[in-house]
Each structure stands twice: as structure tokens, then as C-alpha cells.
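Colleague: Test case, fold it:
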Amino acid sequence: MSNPFVWIVEPLDPEQPLKKFFNLSKLEDPRYARLPFSVRVLLETAVRNCDEFLVKKGDVENILNWKVMQHKNVEVPFKPARVILQDFTGVPAVVDFAAMRDAVKKLGGDPEKINPICPADLVIDHSIQVDFNRRSDSLQKNQDLEFERNKERFEFLKWGSQVFKNMRIIPPGSGIIHQVNLEYLARVVMDQDGYYYPDSVVGTDSHTTMIDGLGVLGWGVGGIEAEAVMLGQPISMVLPEVVGYKLLGNPQPLVTSTDIVLTITKHLRQVGVVGKFVEFFGPGVAQLSIADRATIANMCPEYGATAAFFPVDDISIGYLIQTGRDKEKVMYTKKYLEAVGMLRDFKNSTQDPDFTQVVELDLHTVVPCCSGPKRPQDKVAVSDMKTDFETCLGAKQGFKGFQIAPDRHNSTVKFNFEGCDFELGHGSVVIAAITSCTNTSNPSVMLGAGLLAKKAVEAGLTVKPYIKTSLSPGSGVVTYYLRESGVMSYLSQLGFDVVGYGCMTCIGNSGPLPEPVVEAITKGDLVAVGVLSGNRNFEGRVHPNTRANYLASPPLVIAYAIAGTIRIDFEKEPLGINASGKKIFLKDIWPTRNEIQAVESQFVIPGMFKEVYQKIETVNKSWNALKAPSDKLYTWNPKSTYIKSPPFFDDLTLALQTPKTIENAYVLLSFGDSVTTDHISPAGNIARNSPAARYLTSRGLTPREFNSYGSRRGNDAVMARGTFANIRLVNKFLNKQGPQTIHFPSGETLDVFDAAERYKQAGHPLIVLAGKEYGAGSSRDWAAKGPFLLGVKAVLAESYERIHRSNLVGMGVIPLQYLPGEHAGTLGLTGRERYTIVIPEKLKPQMKVEIKLDNGKTFHVIMRFDTDVELTYFHNGGILNYMIRKMAS
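Modeller: Numbering: from 1, shown residues only. Okay, here's the model as predicted:
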């Protein structure tokens, strides 16, 4: 080994001399014991991978000196142990790998060099939709449709799993990526190539942070960045500040983990933790199960942090046993963590490390709550839901407003459904979904929902038949313990049948609403409601016809489904009246914490996890029957509308091109704050009047065959047309919502893609103007690839979501940021000007550059290339171009 720290390597167990580890305690550096536990993982990774090339001794020193260096914008490398992908982001990654093999061969290199070095797991969980519900065969019918729609994509992924080394596919129908990671894939401590070391992971899904709840350091990265990690590149990151989040006290009896995470999300949004690690400590942590911690860590992207870390303690070790992990491996896991000072005792305050700052939450102050109607950080106490929604109805259009005229607040529309008459009003619930790994990974809230359903049925309560109810668990284990505990039949009686194992409603795969319901909503211009146990509720994400969407615990999802409206005060108004005329209140059917814990301890057992996961890679017969080619280079089918060789590398040469000043760019779109990746690159339905629909129709497809944007991420022609195609897009150039813009040379209002094509044909570069938090939401690489293909050379925003900025860098699109205190308003920008962005010959991280307008005005902005490595990527035209040149030379 050329590693300068080889002298601290020793066997963990003298009886196993070939199983070694880097014993950080032998550094005998007093700074180590003061490091946050999350930073200790960064340190170990740097020490173990130190080769004085990609990882240098100076990097190790900077991490050890974290207390001083955290404020100095110091760049450090991080080589995670694993990569995890889901199929929406995994398909484009495998498409890129296939295209990179072609490009390397074209440049005279060995195409098989394009191969994952870092182990990768790809979980297929984003393709299934809620087409069928409230039927005993909903699960089978939805899975059959999933295969019918996605056969070509699945064959392509199977080709990838056979051709690329170190890539494992978890077939569809297995569960949700982060729950499968928590219950099965995560090791906590790796045992590989003769070494023990901490498990760590990056994933192409922003909620990868869920695994932090088990003590595995992980976070979401852009798909482009993940591909580089798979090819052996370290992530270049700024050494983070670490906010210590101290938990005190015990939760109240009626409070769920969902209530806790929604409270923390709002709190940390107010504190401001973007780009930072959050590390949980204090005696309150010991009151939380691993499932509770994982729920809190899952919503890390919603409060803006990079990671939300719970160090490993004895409860974590117990969870590994409960979920059926090998007992001998668990023993070595604990022994290793003790040896390197990474096993935590949350009741022992002498273990508390240094933090950048400390904030506190007394768990006893948490009350039952939801979040909405348009953002996950907008927490509303359940006791205030009715009045808050009614205030939102009349408030100005915005995150907390729908601008409905006061005389229409109580408007209703009558409709007929399956031979019965009903009526809808503002606040009527039309979607109620128990969905998402955020909550379905947690037996306490799932069994709580089941027990509530049992009591509701026994009390004579029902759910109206037009409400689209669904249950989409994150793994087969959930179905197992719901069935064994006897509550599944009661969930089914209320309409909450299992409809599939995947993300489903949480990512917008909610399927169609009944036509009479859609007609009633449209006729009355109603603010209809979706209630879901998910982690995101951005406008236009859950369903086009639900303008208000609330995140809630699984028991509350059922409660609001029974009520049929969000406009209810549960303390004063009954959920319903049973057949004998008795009023039934929520408090009458809400299960106690003791009831839930008694059922959980009896029915959530290791044998379930072992039985489900030992056959996870072979249980899906449809997947097993798929045939896939075995050629090392992929044979692209020109007739395919799912898989297409992307144009990213068409003109690539070995020689670098000098970046040039962007001359006289037009503004394609002008946005306000919180434009999400859902706005930029939607994952849901392809509207029939959209450019993507016109393209697919021209290829001979019918609307029934369109599928979703997410499922077509392997085809750049569809995805370019789907860029900025969200029907809720708010472009300042227009006075209405919609995926359109003004083509300034002609003055015409066009679909965004059509306008971009006109600019491109005329040779005009484009930029996008935006406000704060541009690119918030899912870690969607197509939110950077799409604008790149439209001809967008730069984005100018007040601030960026971390992963999206990284993705823009990865595609060679320049992220520009206004100087502090400045924005389009203070500078008097209308977006109708033409912009020249002066790119100097010598670039430095975060340097200021000049922008000249065609009206003679000039101003300066920050070029958000944050590290030297990012500048290297930019000089190469993006990270993938850099990797191809590296592999081909």
C-alpha cells in the first residue's frame, strides 16, 4: 500500500489476522474525540483512501482540524462505500454508461473501462402507478400494467445488471429504495477486501438520507455525480458545518413519529441548515426507535440539510438483530465501532462532541400535525387545520393561498358516482394515500393506522367510494405484519388495499381520479385535497386535480378519508355518524401508544425480514422471465421511445475547449422563489397537448401508451420536450400558470420547448432567471440535462438547492448567484433584456463575474463553481465528458 497511514492498520480480532481495520485511535490525536460522529466517518474514509493523489494527507489534516476549518470553505474528498439508485434516476445513469462506452470506443479507448468500481444497488420502485384501487386484485393488476408499460426499460436495466460489474438490481415489486436499504442493504459496518470500515452511501434520490437514522452516513447526489462515484471518483465537498440537534423529554401519548418529523422540519427550516450536516444527540434520542429516527432522517431534504445523522448506539445494534441480520456480523459491527470510538451512548453527555451550533427540541412539546397545503415545511397543528385551510382559501395566490373569492368559499358541486349522488366542495378529500418509505418503514404508525381502521370499522364508519384510497408499503414485511396482526382486513374494508410496493402517490404516480370527480372539481374550480403519508406535497406533484395536498401520519390519512374533508375540527366535530345514529369522534378510535407497542412487539419479528428478503432478487416471476442481450456495447433500437442514445457526447474530442463568454443571451423563463425540480422536469403524467405528447403521437403511440415522464428518462427527445412542462409552472412573463413562455424576437407565446427550439435555430444562447431555493425537491438529473438540451447556458438565482446546483455543474451549465442583498427586483431586471456573461480566462472557485445588459447596465454575480474540481468539470464541458476523456486517454 502507498497509503501513508498504513501504520495504524491492525486486525480487529487477533484470531482473524486477515480481517483488518484502520485504528483511528492510534493517531493519538486529541481532536478526534471532539469531532462530531458524522465527521469521524469522513475522516476514516479519507485515512483509508489516502493515496496522495485523489485523497491527500492534507485532506486528512483538514478533517481532523474540523473545528477550525469548518468555516473556511475547505474542500475535502469523500469516497462512499456504496451507491444506491432507483429506476427513474437509474435508467438515465445506465443509458449514460452505455453511451459513455460508445464514446470511449470512438475516441480509441477500451469501452469496458466504463464499469462501476464502487458497488451499486438499483431498486426498481418508481414505475408502478395506482391505476387500480379498492379491489382485491389491485396489486396484481397494477403490477401487470407496470410490466406492460415498462418492459423495454426493464429489459434495458437487466442488460445493465448483466454487463456491468458491481451492479445489482432489486426487481420491481420488492419495495421502496430507502426502506429496502434500511431493512436489508445497509451493513452499518462494511466487511470488504479484508477490511472493516463504516458503511456509507450516496444515492440518486434525495431521501437517501433516511439511512442516516441507522447510523450509516448517506445523502442524495445528482445522477451525474453518482455516475462519477461509481467509476471510482471521490465526491468533492466543502467540509460541512455540523448543527447539533439536542432531543429532550418524551413524546406525548397521542403523538406519532410523523408529527415529530414535521415539527423538526419546520424548526430546522427556520434555523437554516442548507448545506450543513445535522447530528442528533441528547437523552431524547434514546426514546426513539430506529424507525422513528429513519423517519426524521428521511425528511432531511425538506429541512435543507445535507445529512441528518443519528450515530450508532445499542438500539441500532438491536435493530440489526430484529431485521434478521447475521448475528456474528452484528457482533463484529459493534466491536469495530467500539474500537474506533463511533458507538454512541446518548444518555452519556461526556460523549457529546463539538458542534458548530446547538439547537434543542423538547419532544413533549410536539403536537399532532400535518404540513401543507403546498410545502412540507408549512406545519399546521391538527387542531388548526380547519381554520388554516379556510384562511388559505381566500389568501393571495402563493404557498399558503388560493385566492378564492369570499362568496365562493362554501360553493359545492353535485355529482353522481356509481349510481349514488354526492357533492364536493373546497377542502373535499379526493385522494387518501398511505404511501412512502417515510412512514411505511415505521411499524408504529402503520400498526397505528391498522388499529384505527379496526376501531373505525367496528364503530360503523366508512369512507366514501369516490375517494381514491390506497396503501403502498415500502416492503413486503409491512404486509406480513399487518396481516399477521389481524388489521389488514379492516384496512381493506375502508378501501386501503395494497396497490403495489413502490413510491406511487408520493412521487405523483397516483393514477387517474374517477371522471365524475374530475368533472366536478373542474366545473366548480374547486380546491380539492390529497392527504398522504409522504414527504413532499409541492403544487402539481401529487395529482393535477388536487391543488391542496397535506402530509400526515398514516392514522390521520385514514381519519381525513373517513371525514371526507379537511375542513373538520376533530375535537368538536364527529368523524361520522354510524348506522345507529351515534356520533363517532376521532378520540373514540385513536389507538394508544401502549396498544400499538404491544402489537408491534408480538408481530414485528426477525423471521419476517429473513423470509421476505432471502428471496427478494428472485421472487418476481415477470422479472425472471425477461430476456436481455449480453453484448458489451448496447445495440440502440431506433424505433424505441424509451431508450435512446443521448446526444451529450456527439461532438466530444480529446482536446479541451476553452470556455467562452456567453454573448447576448435571451431569458427563456423568469421565476420567483422555490422553483422545484418537479417544475423543471416533472415525473408524472404527460399532458395530451404537450410537446412530448406530440412527439410520442408522431411515433405512433396513443395517449394510453404515453406512460409518465419519469418512465421515459432514458429518451432525451421526450425529456427535452418535458423540460419546464409542469402545468403549475409560474413564469413571470405570463399572467397565468402553465408551461409556456414568450419568444421575444417574435413576441409569440409558445410552449417552452418550442420557444427554445426557435432560439436554438437562430443561434441564440439562453439563460434562466430565478429567486431563492432554485431546484428544491428531488435530486433529478434531468432538471439539469433538460435545460442543457434546450440551450440554457446559465441560471441566475438568489440561491440553489445543493443537489441541483451540483447537477448543473455536472452538465456544464453555469450556476450564477446574485450578490448578497441583490435580486432581479433591486437590479431592475425585467428578463426582457439580453445578457452577456463575461467568462474570464482564469477561473477561481466562487469568483465574481460581470454581466452586461443590452441596455448598457452592468452588474456582478458570483459564479457558483465551489471547488477546483468543479472548475475542472466545467472546463471539460461537464463531469461525464471529464470521465470519458480520462478513460479514453
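
Colleague: is it true that H364 touches P253?
Modeller: No - with contact defined as C-beta atoms under 8 Å, H364 does not reach P253; the gap is 10.7 Å. Glycine gets a C-beta too; all of them are placed from N, C-alpha and C.

Colleague: Tell me which of those two has more neighbours.
Modeller: Comparing H364 with P253 by other C-beta atoms under 10 Å, the one with more neighbours is H364, at 12 against 9.

Colleague: could you measure the residue nearest to that one when sequence neighbours are not counted against S444, distance?
Modeller: Closest residue to H364 apart from its sequence neighbours, by C-beta to C-beta, 6 or more residues apart in numbering: G249 at 4.1 Å. Distance of G249 to S444, given as C-beta to C-beta, to the nearest Å: 18 Å.

Colleague: Neighbour count: the two, which is higher?
Modeller: S444 (23 against 16).

Colleague: Where does that one sit, in terms of helix or strand?
Modeller: helix 443-458 (DSSP states H and E).

Colleague: Report the next helix or strand after that helix in sequence order.
Modeller: strand 468-471.

Colleague: ok, residues contacting stretch 95-111?
Modeller: Here stretch 95-111 makes contact (C-beta atoms under 8 Å, 6 or more residues apart in numbering) with 112-114, 156, 160, 164, 223-224, 227, 632-634, 643-646, 648-649, 652-654, 714, 880, 883-885, 887-889.

Colleague: List only those of these flagged as buried.
Modeller: Listed as buried from these are 113-114, 156, 160, 164, 223-224, 227, 634, 643-646, 648-649, 652, 714, 880, 883-885, 887-888; burial here means 16 or more other C-beta atoms under 10 Å.

Colleague: Just the ones of those residues in helices?
Modeller: 156, 160, 223-224, 227, 880, 883-885, 887-888 (DSSP state H).

Colleague: What is the burial count for the residue lying closest to A665 once chain neighbours are set aside?
Modeller: Among residues not flanking A665 along the chain, P765 sits closest, at 4.3 Å (C-beta to C-beta, 6+ apart). Neighbours of P765 under the rule other C-beta under 10 Å: 20.

Colleague: going forward can the numbers begin at 15, since that is how I track them
Modeller: Right, with 15 as the first residue, what we last looked at is P779.

Colleague: For P779, which residues are in contact?
Modeller: Residues in contact with P779 (C-beta under 8 Å, 6+ apart) are 676-680, 773, 805, 807.

Colleague: ok, now with 7 Å
Modeller: 676, 679, 805, 807 (C-beta atoms under 7 Å, 6 or more residues apart in numbering).

Colleague: Format those residues as TSV; extra columns: neighbour count, distance to E787 and secondary structure.
Modeller: Putting these into TSV (neighbours: other C-beta atoms under 10 Å; distance: C-beta to C-beta, whole Å; DSSP: H, G, I helix; E, B strand; the rest coil) gives the following:
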residue	neighbour count	distance to E787	secondary structure
I676	18	24	strand
A679	22	23	strand
G805	20	24	coil
K807	20	22	strand
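
Colleague: okay, among those residues, which ones form the most distant pair?
Modeller: I676 and G805 (10.9 Å; C-beta to C-beta).

Colleague: Next, name the residue at the spatial heart of this protein.
Modeller: S220 (3.2 Å; C-alpha atoms, centre = their mean).

Colleague: Quick check, pLDDT for that residue.
Modeller: Note on S220: pLDDT of 88.

Colleague: Distance-wise, check it relative to S820.
Modeller: Using C-beta to C-beta, S220 is found at 12 Å from S820.

Colleague: For these two, list the residues in contact with both.
Modeller: Counting by C-beta under 7 Å, 6+ apart, nothing touches both S220 and S820.

Colleague: and the spatially closest residue to K468 that is not a sequence neighbour, how many neighbours does it have?
Modeller: Excluding the flanking residues, the one nearest K468 by C-beta to C-beta, 6+ apart is Y504, at 4.2 Å. By other C-beta under 10 Å, the residues close to Y504 number 21.

Colleague: likewise M861?
Modeller: 14.

Colleague: Quick check: closest non-adjacent residue to it.
Modeller: M877 (5.6 Å).

Colleague: Look at that neighbour and say how many residues are nearby.
Modeller: M877 has 22 nearby residues by other C-beta under 10 Å.

Colleague: Next: the one 10 residues further on.
Modeller: Other residues lying near Y887 total 25 when counted by other C-beta under 10 Å.

Colleague: quick one: pLDDT of it?
Modeller: Y887 is given a pLDDT of 91.

Colleague: which SSE is it in?
Modeller: helix 882-889.

Colleague: quick one, what contacts M224?
Modeller: M224 neighbours (C-beta under 7 Å, 6+ apart): 192, 196, 308, 311-312, 451.

Colleague: So which of the residues you listed are in helices?
Modeller: Filtering the contacts of M224 for helices - DSSP H - leaves 192, 308, 311-312, 451.

Colleague: okay if I get those as JSON lines plus distance to G464?
Modeller: Listed next are the ones in helices among the contacts of M224 as JSON lines, based on distance: C-beta to C-beta, whole Å:
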{"residue": "H192", "distance to G464": "22"}
{"residue": "A308", "distance to G464": "19"}
{"residue": "A311", "distance to G464": "24"}
{"residue": "N312", "distance to G464": "21"}
{"residue": "C451", "distance to G464": "18"}
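
Colleague: Now for those: which two are most distant?
Modeller: A311 and C451 (11.0 Å).

Colleague: quick one: buried residues of the helix or strand hosting Y350?
Modeller: Taking DSSP H and E as the definition, one finds Y350 inside helix 341-353. Using 16+ other C-beta under 10 Å as the test for burial, helix 341-353 gives 344, 346-348, 350-351, 353.

Colleague: which residues sit against that helix?
Modeller: For helix 341-353, contacts defined as C-beta under 7 Å, 6+ apart pick out 26, 35, 37, 202-203, 205, 210, 326, 331, 334-335, 357.

Colleague: now the very next helix or strand once past it, how far from the chain's geometric center?
Modeller: Using DSSP H and E, the helix or strand that follows helix 341-353 towards the C-terminus is strand 371-376. Here the centre of strand 371-376 is set off from its chain's centre by 25 Å, with C-alpha atoms, centre = their mean, to the nearest Å.

Colleague: What strands line up against strand 371-376, and which way round?
Modeller: strand 256-262 (parallel) (DSSP bridges).

Colleague: roughly how far is the partner strand from the heart of the chain?
Modeller: Using C-alpha atoms, centre = their mean, the offset of strand 256-262 from its chain centre is 23 Å.

Colleague: picking that back up, my guess is the residue nearest to the centre of the chain contacts G232. True?
Modeller: No - checked against C-beta atoms under 7 Å, the pair S220 and G232 is beyond contact range at 11.1 Å.
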